[in-house]
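Novice: Just the structure for this:
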Amino acid sequence: MSKRLTLAVARGDGIGPEIMGAVLKIFDAARVPLDYKFVDMGKDIYLSGRSNGMTPEAQNTVESVGILFKGPMETPKGTGVKSINVTARKVWNTFANKRVFKTYPGVETVFSKAKIPIDITMVRENIEDTYGGIEHMQSHDVAQCRRLITRPGSLQVHRYAFDMAAKKNARRITCAHKANIMKLTDGLFLETFYQVAKEYPQIKADDVIVDDMAMKLVATPDKFDVVVIPNLQGDILSDLCAGLVGGLGMAPSANIGENISIFEAVHGTAPDLVGKNLANPNALLLSGLMLLRHLDLDEHSEWIHKALVKTLEAGETTRDLTPAGRKHLTTDEYTQAIISKLPANATAKPVFFSHTPPVKPTKHILNVTKRPETKNVGVDIFMDTELRANELAETIQKQLPKGYKLTMLSNRGTQVWPTSSMFTECVNHYRGRIESETGPKEVSELLQVAAKVSEKLRVCSLEMLLTLDGKKGFSLAQGQ
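Specialist: Numbers count the residues shown, from 1 in each chain. The predicted model follows:
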């Protein structure tokens with residue numbers, strides 16, 4: 001016998017309450033066996049003093065039910081606050097962002113006119129990369145952002161992508177990356193992709209450099225099936241893919257975690273449309289259908305999806321999708337048009353939900369893999385100075401204890417000492433690579449070396465030079 005399941009719902013900002021109301025009205029008309037706990041999240045909550053954009057009651061509700069269905073939310077501008085949307089995804093460790101880009105009837109695009117069907121699923125790593133937001137001013141002229149790619153995080157998103165691809169009988173899964181330039185970070189993402197690919201021999205696995213991927217998506221989007229991609233690159237290319245199928249108004253989004261998942265529209269809050277009954281609920285509705293499938297409500301999802309397709313085929317669309325010269329529908333009229341096409345008196349099979357509410361951990365979960373033999377062989381010292389490279393090298397060398405050697409200076413990643421081009425322009429931020437000449441060292445010894453350098457120069461930050469099972473764990477400078 002079917003039971004009902006409760007999920008948390010955040011109506012969102014701007015047009016959020018209007019489109020959420022439309023979607024839930026369609027769900028009710030389709031007799032979806034869900035109950036809703038409405039939670040307070042968004043701009044107003046931030047402005048009331050909650051820096052994460054949610055009340056404690058909202059956080060507790062989401063963490064107790066494990067599913068959040070949310071409308072678009074606005075992050076206040078000029079306040080320094082982190083994105084409310086990104087915060088929610090990261091706090092609840094929704095490691096995989098699944099976006100589906102599909103050609104729909106009645107939505108005119110260059111490709112639909114050419115009768116080229118698009119059906120791409122993009123899985124974007126969702127919590128790492130530059131979205132850690134770890135930024136510092138290294139000097140008054142130089143800002144730094146740390147880009148973190150982890151082995152556990154990469155394995156997690158790749159396993160989700162391959163498992164999802166296998167379930168949908170995907171013919172191909174492609175890893176987009178920039179490992180030709182970012183050899184350690186994107187290199188790790190690509191390495192773990194092929195590691196997981198070995199567990200799914202039935203699926204063709206390949207990789208494409210991300211700039212080439214951008215061109216290929218625009219030129220031949222029908223050649224791709226499932227794409228897995230790092231966070232920042234995925235943020236950009238997922239919006240590109242949305243443009244191929246009619247815009248963000250036709251692009252659903254699911255953020256999948258081990259314990260908590262978030263389903264949301266990723267378009268803006270459209271303040272210019274608020275209260276005008278003109279908003280298009282399709283992105284949120286399609287995200288809702290992903291939610292239903294996630295909860296094993298496949299029949300209800302299919303009923304609503306077929307009604308949506310019939311509505312679009314009939315040319316019944318909201319203003320943003322309606323060609324000039326044709327009458328558009330209001331949000332309310334569009335909602336009713338979909339409802340009118342739902343099957344009458346349809347009865348769903350009994351549903352046994354596989355989703356169970358999460359059990360709150362008593363301490364933070366720590367994900368690590370087997371540690372290789374790790375040795376400290378030197379230190380990269382980052383310095384704020386206006387010295388020229390030769391003067392800087394001489395200053396550092398005078399400070400080094402016996403057994404250590406300055407092997408390289410770089411500026412903005414390009415080697416400027418011991419060899420360089422005089423056409424390489426510099427700023428007031430150098431990296432000095434100091435390596436041990438007498439074998440591995442303790443971190444404390446390397447910190448003492450850095451301390452000696454700091455007696456004469458302003459040190460901004462340090463990075464230890466590691467070898468992992470004998471393999472260098474640090475990159476070379478350009479030109480080194």
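Novice: From here on, just use CA atoms for contacts and neighbour counts.
Specialist: OK.
Novice: Show me the strands in the stretch 51-200 of the chain, by range?
Specialist: Remark: strands assigned in the stretch 51-200 of the chain by DSSP state E, counting those that start in this stretch are 67-70, 96-102, 119-125, 135-137, 143-145, 172-177.
Novice: out of the ones you listed, which comes closest to Phe263?
Specialist: Closest approach to Phe263 among the strands of the stretch 51-200 of the chain is made by strand 67-70 (4.9 Å; CA to CA).
Novice: Quick check: mean pLDDT of the closest one?
Specialist: Mean pLDDT, strand 67-70: 98.
Novice: got the residue ranges for the helices in the stretch 301-450 of the chain?
Specialist: Shown for the stretch 301-450 of the chain, the helices assigned by DSSP state H, counting those that start in this stretch span residues 331-340, 389-399, 443-454.
Novice: For the ones you listed, could you give me JSON lines that also reports mean pLDDT, mean neighbour count and distance to Ala251?
Specialist: Formatted as JSON lines, those follow (pLDDT from 0 to 100; neighbours: other CA atoms under 10 Å; distance: least, CA to CA, whole Å):
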{"stretch": "helix 331-340", "mean pLDDT": "97", "mean neighbour count": "20", "distance to Ala251": "18"}
{"stretch": "helix 389-399", "mean pLDDT": "98", "mean neighbour count": "15", "distance to Ala251": "50"}
{"stretch": "helix 443-454", "mean pLDDT": "98", "mean neighbour count": "17", "distance to Ala251": "49"}
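Novice: got CSV for those, with distance to Ile203 too?
Specialist: Formatted as CSV, these follow (distance: least, CA to CA, whole Å):
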stretch, distance to Ile203
helix 331-340, 36
helix 389-399, 51
helix 443-454, 44
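Novice: Same list, the strands of the stretch 51-200 of the chain, but as a markdown table with distance to Val227 and mean neighbour count please.
Specialist: Output for the strands of the stretch 51-200 of the chain, formatted as a markdown table (distance: least, CA to CA, whole Å; neighbours: other CA atoms under 10 Å):
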| stretch | distance to Val227 | mean neighbour count |
| --- | --- | --- |
| strand 67-70 | 24 | 26 |
| strand 96-102 | 10 | 25 |
| strand 119-125 | 5 | 25 |
| strand 135-137 | 29 | 12 |
| strand 143-145 | 26 | 12 |
| strand 172-177 | 5 | 22 |
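Novice: now those in a markdown table, with distance to Thr369?
Specialist: Output for the strands of the stretch 51-200 of the chain, formatted as a markdown table (distance: least, CA to CA, whole Å):
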| stretch | distance to Thr369 |
| --- | --- |
| strand 67-70 | 29 |
| strand 96-102 | 20 |
| strand 119-125 | 18 |
| strand 135-137 | 27 |
| strand 143-145 | 25 |
| strand 172-177 | 22 |
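Novice: So which of the ones you listed is nearest Ala161?
Specialist: strand 119-125 (6.3 Å).
Novice: list the helices and strands that closest one packs on?
Specialist: Counting contacts by 3 or more CA pairs under 8 Å, 6 or more residues apart in numbering; DSSP states H and E, strand 119-125 packs against strand 96-102, helix 151-167, strand 226-229, helix 231-244.
Novice: Skipping its backbone neighbours, what lies nearest Gly14 in space?
Specialist: In this structure, Gly14 finds its nearest non-sequential neighbour in Thr269, 4.6 Å apart by CA to CA, 6 or more residues apart in numbering.
Novice: Can you give me the pLDDT of the one you found?
Specialist: For Thr269, the predicted pLDDT is 94.
Novice: give the contact list for it.
Specialist: Asp13, Gly14, Ile15, Gly16, Pro72, Met73, Glu74 (CA atoms under 8 Å, 6 or more residues apart in numbering).
Novice: Pop out the phi and psi values for it.
Specialist: Backbone torsions of Thr269, given as degrees, to the nearest 10, read phi -90, psi -10.
Novice: Of the strands of the stretch 51-200 of the chain, which is nearest Asn255?
Specialist: Closest of those to Asn255 is strand 96-102, at 4.4 Å (criterion: CA to CA).
Novice: okay, the angle between that closest one and helix 231-244?
Specialist: If you take axes from the mean of the first three to the mean of the last three CA atoms, to 10 degrees, strand 96-102 sits at 20 degrees to helix 231-244.
Novice: Point out the other elements, helices or strands, that strand 96-102 touches.
Specialist: Contacts defined by 3+ CA pairs under 8 Å, 6+ apart place strand 96-102 against strand 119-125, helix 231-244, strand 252-256.
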